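Asker: Below is the structure, and that's it, no one-letter string:
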């Protein structure tokens, strides 16, 4: 199983990076973790066929994490000519927020008949949800976005990966990532603790209790981008592929 960072940036394109979007290629094809506003551009840049994506799992409802969904859905209908079903799963409130975004960006788009079935699922925290061969357990984080923000623990093909989403440190993050084969963690600043985001120093302090086999940081501010090479550890880059 491979994971490709299609987008590893923050909300503001720091370092010229795309918004958060990770492609996981597993035994059944592929699925996305988050789909930020620039994700269709990233898919085209890295030669990813949108019709090969069977599911999209969303961590939280900020535009740099779910704002690409209206474009993905319209591309599926008008450009890629999708016929296979698509499942989109995320926090409670996803259905209403997605519909609102689509009608804001493309009025009338929610009422057009599609050639493919679109299944929107809202997940509850600490419940394991089966989604197209993926086992997803969300954990509640701390990041105000008008709906519950999640870290995602994902089990697929006998491997466990965890994505922190955006959050300041909460103990539930250690539970979500414990023993994971791959832990993808936000590290917005290097050592500046702020509300609602995770800094690298805090993350490193908790890594022993997490015990993940591999840790890669993402969603970096200009401060962290300028310093991560001297701090050690792995950092994501757009286009980077890792094997799990």
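Answerer: Structure's in. What do you need? As the structure is a computational prediction, the values presented were derived from the model and not from experiment.

Asker: contact partners of the helix or strand harbouring residue 55?
Answerer: Assigned by DSSP states H and E, residue 55 belongs to strand 53-57. The contact list for strand 53-57 (CB atoms under 8 Å, 6 or more residues apart in numbering) reads 23, 28-35, 69, 72, 84-90, 131-132, 134, 136, 152, 154. No exception for glycine: its C-beta is placed from N, CA and C like everyone else's.

Asker: and the helix or strand just after that strand, how far from the chain's centre?
Answerer: Sequence-wise, the next helix or strand downstream of strand 53-57 (DSSP H and E) is helix 63-66. Taking CA atoms, centre = their mean, to the nearest Å, one finds helix 63-66 lying 9 Å from the centre of the chain it belongs to.

Asker: which secondary element of this structure has the worst mean pLDDT?
Answerer: Ranked by mean pLDDT, DSSP states H and E, the helix or strand of the chain with the weakest confidence is helix 222-231, at a mean of 92.

Asker: by contact count, what packs against that helix?
Answerer: Contact analysis of helix 222-231 by 3 or more CB pairs under 8 Å, 6 or more residues apart in numbering; DSSP states H and E lists helix 200-210 as its packing neighbours.

Asker: What is the burial count for the residue lying closest to residue 133 once chain neighbours are set aside?
Answerer: Spatial nearest neighbour of residue 133, chain neighbours left out: residue 28 (4.9 Å); criterion: CB to CB, 6 or more residues apart in numbering. A total of 13 residues lie near residue 28 under the criterion other CB atoms under 10 Å.

Asker: Select only the buried ones of the contacts of strand 53-57 in ChimeraX?
Answerer: Buried residues within the contacts of strand 53-57, by 16 or more other CB atoms under 10 Å, are selected in ChimeraX with:
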select :23,29,30,31,32,33,34,35,69,72,86,87,88,89,90,131,132,134,136,152,154
